[in-house]
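Enquirer: make a model of this:
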Amino acid sequence: MARNLAIMIFDDVEVLDFCGPFEVFSVANYFSEGAFNVYLIAPEQRTIVARNGLRVIPDHDLEEAPDPDILLIPGGWGTRPLIHNAGVVDYIRQQAERVERLLSVCTGSYLLAKAGLLDGLEATTHHGSFEMLAELAPTATLVRDVKYVDNGRIVLSGGISAGINMSLYVVGRLLGEEVARKTAAYMEYDWEVP
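Expert: Have a look, this model is predicted:
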């Protein structure tokens with residue numbers, strides 16, 4: 001049975017932060033008989049204007065979205081105002097209690113931190129965003145110069161393209177190294193199994 005994999009989008013989301021993982025998990029389905037039901041969710045059911053003007057229509061708003069087994073929170077400039085959106089932060093906190101995996105890319109880590117989910121964990125983010133993450137998650141151990149960190153259920157990646165590396169890693173953890181290798185090869189993405 002396919003795992004529900006929800007990717008949250010919002011205004012000013014970084015395009016590759018969500019499109020890279022969307023591609024990885026979707027392509028992995030070619031090699032694993034539909035392992036993931038990948039869909040986009042947003043705070044509201046309306047056209048989202050991502051970084052640089054890309055317009056994207058989410059599949060569901062947060063209230064109507066199917067419960068995810070895996071929730072991915074991308075980053076981008078839009079995370080800064082979103083940390084003050086109690087509904088979004090509460091949604092992430094509630095889902096964190098039930099999902100199999102909670103993933104973040106780049107400054108998506110800010111939203112996990114605001115939800116109180118990074119206390120005592122290792123965390124990473126975009127190389128230019130560590131100062132704010134340290135303020136939001138003062139008890140987290142910040143790890144620089146890595147593509148991702150794995151805390152078990154919570155996995156965080158560095159900035160932008162690092163979300164692809166993290167997604168391939170998660171595919172490997174859930175579906176096996178062979179599926180991850182085939183996914184990377186199909187995407188012509190230079191990736192080595194960690």
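
Enquirer: give me the distance between the nearest residue in space to residue 178 that is not next to it in sequence and residue 148.
Expert: Closest residue in space to residue 178, ignoring its immediate chain neighbours: residue 31 at 7.8 Å, by CB to CB, 6 or more residues apart in numbering. To be clear about C-beta, it is placed using only N, CA and C from the backbone, and glycine gets the same treatment. To residue 148, residue 31 is 21 Å away according to CB to CB, to the nearest Å.

Enquirer: could I get the full set of strands for this structure?
Expert: 3-8, 36-42, 48-49, 55-56, 60-61, 70-73, 101-105, 122-123, 141-142, 148-150, 154-157 (DSSP state E).

Enquirer: neighbour-wise, which of residue 31 and residue 148 wins?
Expert: residue 148 (23 against 18; other CB atoms under 10 Å).

Enquirer: in a markdown table: the strands of the chain, plus distance to residue 193.
Expert: Formatted as a markdown table, these follow (distance: least, CB to CB, whole Å):
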| stretch | distance to residue 193 |
| --- | --- |
| strand 3-8 | 21 |
| strand 36-42 | 19 |
| strand 48-49 | 34 |
| strand 55-56 | 31 |
| strand 60-61 | 33 |
| strand 70-73 | 20 |
| strand 101-105 | 18 |
| strand 122-123 | 20 |
| strand 141-142 | 25 |
| strand 148-150 | 13 |
| strand 154-157 | 16 |
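
Enquirer: quick one: closest of the ones you listed to residue 26.
Expert: Distance to residue 26, taken as CB to CB, is lowest for strand 36-42 among those, at 5.3 Å.

Enquirer: how near is the residue positioned nearest the centre of the chain to residue 145?
Expert: For the chain, the residue sitting closest to the mean C-alpha position, by CA atoms, centre = their mean, is residue 72 at 3.0 Å. Noted for residue 72: a distance of 22 Å to residue 145, by CB to CB.

Enquirer: then residue 120?
Expert: Distance, residue 120 to residue 145, using CB to CB: 21 Å.

Enquirer: same question for residue 16.
Expert: From residue 16 to residue 145 the distance is 19 Å (CB to CB).

Enquirer: check residue 15 too.
Expert: 24 Å.

Enquirer: pLDDT score for residue 191?
Expert: On pLDDT, residue 191 comes in at 85.

Enquirer: cool, and residue 160?
Expert: So residue 160 comes in at 89 (pLDDT).
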